[in-house]
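Undergrad: Let's see this in three dimensions:
(one chain, ligands or ions: 2)
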Amino acid sequence: MSLPVELIRKLADQHPKPASLRFQYGTAGFRTLGTVLDSVMFRVGILAALRSKRLDGKTIGVMVTASHNPEADNGVKLVDPRGEMLEAAWEGHATILANAPSSDSFIDALQILVKNLKIDLSKPARIIYARDTRPSGGALVSALEDGIKAIGAEGRNAGVTTTPILHYLVRAINTKGTKDEYGEDSEEGYMKKLSTAFKKLVAGKPSSPPLIVDCANGVGAQAIAEIIQYLGDTLQLIPHNTDTTTPGVLNHASGADFVKTTQKLPPSLASVLKPGQRGCSFDGDADRLMYYYLDDRGQFHMLDGDKIAALVAAFIVELVKAAGLEEIVRVGIVQTAYANGGSTKYLASRLPVRCVPTGVKHLHHAAEKYDVGVYFEANGHGTVLFSPETDEIFRTHQPSTPAQSTALNHLLNLTQLINQTVGDALSDMLLVEVVLAHKSYSGAEWDSLYVDLPNRLVKVVVVDRNIFRTEDAERRLVSPPGLQAKIDELVRRYEAGRAFVRPSGTEDVVRVYAEAMLRPQADELAYRVAGLVYDEVGGDPAKRPVEFL
Ligand code: 16G
Ligand code: MG
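TA: Residues are numbered from 1 along each chain as shown. Ligands and ions are numbered 1, 2, ... in the order given. Now for the predicted structure:
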C-alpha cells in the first residue's frame, strides 16, 4: 500500500509553509505565534497518523496548546500511546516534515520516512486531538483535521480540554479492555476516577478550609467547574480567573508561570486571599501547579514544585512504611537544576534524588526507574509514577494488621488519584489536599518542611543560543569555553551560592539561575552571571538585554 499522494498534495497546497520560517519540535512540541502554524498543524496530522501506523494502530494524541505562553502563541505536541511524550527520535522527523519548503518536498520527506522506518501503510491510524481555549485553536484544529483526512486516518475530537486530560484519554483508549485499563476513555471517566479516589482518601478527615484556585483564564477553569460537581462537599474550591472568552486575558498577570517567575500573588487575588488561607494557580493548559498562602502579616509565601515534591514524597514514604513495604518498595525523587538547594538538601537526606535536564520527558523517564518515582520541576510540573510491579504489590500484598491494611488502601487510592501520564494541575491539587488533610497541615506548616534559599531567574536575549552547551544535567557549561570557570569563580564568593546557565529549549534566550543565602546576594549573583553571558555574546552595553523571567 502506498501513500495517497494525490489527496495529500491537494490538501497540502491549501496549507503552504510560510517561506521564511523555520520550525523546530522542541521541549514542548512546536510553539510559536498561532498565526503561522497552519502548515505545521496539517503536517502534524499526517505525522501522527504515521506514528500510529508504526505502532500497529495504537491511538496517538495531538494537543494544540501553548501552555503558559501569551495568548497569541499556539503550539502542538504529540502524545505517545501510554500517554507519555513523543519518543525523542520522532521529534527530529517532526522538524524535518514541518520544514519541507513545498508540497512536493513534503511528500518526498514522507516517502523517505515511511521507507526508513519501515512503516506498514496498510495498518490503521487512530488519532485523538484536543485544544486549549486560545482563539487561534479552532482554525488550527481544522488544519490538523485536513492532515488526518489526507492520509485517511481515524480522528477523534476531544474538544476543548486540558493537556493532562488529553494524555489521560490516550492511555485510557490504548489500555481499554486490558488488565492495565487506565479508566473510562471520556472526560467524565477522568473526573469520576479522580473524585472517587479523592473521596476515599479524605473519608473521615475534617474538611479543609476553602481553597482559592486561579485558573489563569484558561481551560483549567472548565475542568475545575466540572470537578466541583463531582467532589460535592468533600472539598470546597473557589475558582478565580475563569474568563476564557475575553481577548487578551489568558495567562495575563495570573497563572502558575506568573507566580513562579515573579514570586508574587496574582494581583486579581490581592483582595481575595485572606491571611492563613491557601491558594493555588494553574497554567494555561492546566499541567502546572503553584501553591501559596499569606502569613499573619499578609506576607506572600510560595509553595512551588519542589515543596509539592517534598510534601508528597514524605507522605508516600510514610504510607509505604506503615504498610510494611519499606524493604520492597523504593521511593525516589527526580529534580532538575532549578530545584531549590534547600529542597535538594532536605530530600537527599531522606531519599535517593536524581537530577536530570529540564523538560518533562527527562524527568518522566528517570522517574520510571524507581518503584515509586516522584518528579517535579520547580515550575510546578510533575507527578508520581508507580511501576507496574509496585502496582501489583499494592494489589496483592496481604497486610498483617488493620493499620497496614489502611495504609495499603491509601496507596492504592493514590495510584488512582494521580495522573501518571504527565503532570496534571487538577490531579496534583487533589493530591496536595489529601496530604494536607491527613497531616492537618496549614500552608505555613507545609512550608516549614525546609527553608527555600533565595533565588533569582533572569534571561539574556541572544542571537544564537546554540553556542551554549551544557553537561551534568545542565548544571555546567562546556561551551563557550572558559565561561564556566568564570562563573565558578563568581559563585565561590557567595555563601551557599549556586548558579547555572542554560540555553532555553523554547525561545531564543539563555537562562541564568542563581541562589544564595540572602536575597540581595542571590539577585546580585544572577545579574553578575548574566553579565558574564552578555560579555561573551558581545553587543551594545547600553542595551544589555537582561530581563527578569
Ligand atoms: C517546556 C517543558 C517544561 C520545561 C520548560 C523549560 C514540557 C511538556 N514542558 O515548557 O518541562 O520546564 O519547557 O523551558 O516538556 P525553557 O527551556 O524555555 O527554559
Ligand atoms: Mg502547561
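Undergrad: CA atoms for contacts and neighbours, from now on please.
TA: Will do.
Undergrad: average pLDDT for the helix or strand where T406 lies?
TA: If you go by DSSP states H and E, T406 is part of helix 402-417. Across helix 402-417, pLDDT averages out at 98.
Undergrad: can you give me the mean pLDDT across the following helix or strand past that helix?
TA: Helices and strands here follow DSSP H and E; after helix 402-417, the next one along the chain is helix 425-439. The pLDDT scores in helix 425-439 average 98.
Undergrad: one step back: please state the offset of the helix holding T406 from the chain centre?
TA: The chain centre lies 26 Å from the centre of helix 402-417; the measure is Cα atoms, centre = their mean, to the nearest Å.
Undergrad: Across the sheet, point out what pairs with V160.
TA: R131 (DSSP bridges).
Undergrad: Contacts only, for it.
TA: A130, R131, D132, T133, V219 (Cα atoms under 8 Å, 6 or more residues apart in numbering).
Undergrad: in a helix, that's where the fourth one is, yeah?
TA: Going back to what we said before, that points to T133. No: counting by DSSP: H, G, I helix; E, B strand; the rest coil, T133 falls outside a helix, being coil.
Undergrad: is it true that it touches C215?
TA: No: judged on Cα atoms under 8 Å, T133 makes no contact with C215 at a distance of 11.9 Å.
Undergrad: out of the two, which sits in the busier spot?
TA: In this view T133 and C215 are compared by other Cα atoms under 10 Å, and C215 has more residues nearby, 32 against 24.
Undergrad: quick one, what contacts that one?
TA: C215 neighbours (Cα under 8 Å, 6+ apart): A221, P239, H240, N241, T242, S254, G255, S281, F282, D283, G284, A286.
Undergrad: What parts of this protein come near ligand 1?
TA: Neighbours of ligand 1 within the chain, by Cα under 6 Å from any ligand atom: T27, A28, T358, G359, V360, S504, G505, T506, E507.
Undergrad: Derive a ChimeraX selection command for the buried subset of those.
TA: In ChimeraX syntax, the buried subset of those is picked out as below (16 or more other Cα atoms under 10 Å):
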select :27,28,358,360,504,505
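Undergrad: Of the residues of the chain next to ligand 1, which belong to helices?
TA: Secondary structure from DSSP state H places V360 of the residues of the chain next to ligand 1 in helices.
Undergrad: of the contacts of C215, buried ones?
TA: A221, P239, H240, N241, T242, S254, G255, S281, F282, D283, G284, A286.
Undergrad: would a markdown table of the residues you listed with pLDDT, secondary structure and distance to ligand 2 be doable?
TA: Output for these, formatted as a markdown table (pLDDT from 0 to 100; DSSP: H, G, I helix; E, B strand; the rest coil; distance: Cα to the ion, whole Å):
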| residue | pLDDT | secondary structure | distance to ligand 2 |
| --- | --- | --- | --- |
| A221 | 98 | helix | 14 |
| P239 | 98 | strand | 18 |
| H240 | 98 | strand | 18 |
| N241 | 98 | coil | 16 |
| T242 | 98 | coil | 16 |
| S254 | 98 | coil | 13 |
| G255 | 98 | helix | 10 |
| S281 | 98 | strand | 12 |
| F282 | 98 | strand | 8 |
| D283 | 98 | coil | 6 |
| G284 | 98 | coil | 6 |
| A286 | 98 | coil | 6 |
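Undergrad: Was I right to think R354 contacts I333?
TA: Yes: with contact defined as Cα under 8 Å, R354 and I333 form a contacting pair (6.3 Å).
Undergrad: who has more neighbours, these two?
TA: Shown here are R354 and I333; by other Cα under 10 Å, I333 has more neighbours (25 against 17).
Undergrad: Setting aside sequence neighbours, what's the nearest residue to the most centrally placed residue in the chain?
TA: Centroid-nearest residue in the chain, with Cα atoms, centre = their mean: H381, separated by 4.2 Å. Spatially, and ignoring its direct neighbours in sequence, H381 is nearest to R288 (4.5 Å; Cα to Cα, 6 or more residues apart in numbering).
Undergrad: still on that earlier bit, what residues sit buried inside the helix holding T406?
TA: For helix 402-417, the neighbour count (16+ other Cα under 10 Å) marks 404-405, 407-417 as buried.
Undergrad: Stretch 508-527 too?
TA: Neighbour-count burial for stretch 508-527 [16+ other Cα under 10 Å]: 508-517, 521-527.
Undergrad: okay, how far is it across that stretch, tip to tip?
TA: 19 Å (Cα to Cα, to the nearest Å).
Undergrad: neighbouring contacts of it?
TA: Under Cα under 8 Å, 6+ apart, the answer for stretch 508-527 is 338, 340-341, 453-465, 468, 490-491, 494-504, 529-530.
Undergrad: So which of those sit within strands?
TA: 455-461, 498-503 (DSSP state E).
Undergrad: who touches the residue in the stretch 101-250 of the chain positioned nearest to ligand 1 in this structure?
TA: The minimum distance from the stretch 101-250 of the chain to ligand 1, using Cα to the nearest ligand atom, falls at T163 (9.4 Å). When contacts are counted by Cα under 8 Å, 6+ apart, T163 is found next to M63, T65, A130, R131, D132, D285, A286, D287.
Undergrad: repeat for N174
TA: For N174, the contact set (Cα under 8 Å, 6+ apart) comprises K58, T59, P81, R82.
Undergrad: rerun at 7 Å
TA: By Cα atoms under 7 Å, 6 or more residues apart in numbering, the contact set of N174 is K58, T59, P81.
Undergrad: so how far is stretch 34-41 off the chain centroid?
TA: 22 Å.
Undergrad: still on that earlier bit, out of the ones in strands among the contacts of stretch 508-527, which two sit at the greatest distance?
TA: Based on Cα to Cα, the longest span within the ones in strands among the contacts of stretch 508-527 runs between V461 and R498 and measures 21.6 Å.
Undergrad: Give me the more crowded residue out of those two.
TA: A count of neighbours by other Cα under 10 Å puts R498 above the other of V461 and R498, at 24 against 19.
Undergrad: top of the ones in strands among the contacts of stretch 508-527 by neighbour count?
TA: V501 (28 neighbours).
Undergrad: element containing the closest residue to that residue other than its chain neighbours, please.
TA: Nearest non-adjacent residue to V501, counting by Cα to Cα, 6+ apart: V512, 4.7 Å away. Element membership for V512, per DSSP H and E: strand 509-515.
Undergrad: Pull up the pairing partners for that strand, direction included.
TA: strand 455-461 (antiparallel), strand 498-503 (antiparallel).
Undergrad: Quick check: which of these is nearest to N99?
TA: strand 498-503 (22.4 Å).
Undergrad: tell me the mean pLDDT over the closest one?
TA: So the average pLDDT for strand 498-503 ends up being 97.
Undergrad: Flag every residue of the stretch 201-350 of the chain that's near ligand 2.
TA: D285, D287 (Cα under 5 Å from the ion).
Undergrad: do the same with the stretch 51-200 of the chain
TA: Close to ligand 2, as judged by Cα under 5 Å from the ion, the stretch 51-200 of the chain has residues S67.
Undergrad: Can you read off the pLDDT for the residue in the stretch 51-200 of the chain that ligand 2 sits nearest to?
TA: Ligand 2 sits closest to S67 of the stretch 51-200 of the chain, with a gap of 3.9 Å, by Cα to the ion. If you check S67, the pLDDT there is 96.
Undergrad: so it sits right up against F282, yeah?
TA: No: checked against Cα atoms under 7 Å, the pair S67 and F282 is beyond contact range at 10.1 Å.
Undergrad: Now distance to V435 and pLDDT too, for the contacts of V160, in CSV please.
TA: Below are these laid out as CSV (distance: Cα to Cα, whole Å; pLDDT from 0 to 100):
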residue, distance to V435, pLDDT
A130, 31, 98
R131, 31, 98
D132, 29, 98
T133, 31, 98
V219, 26, 98
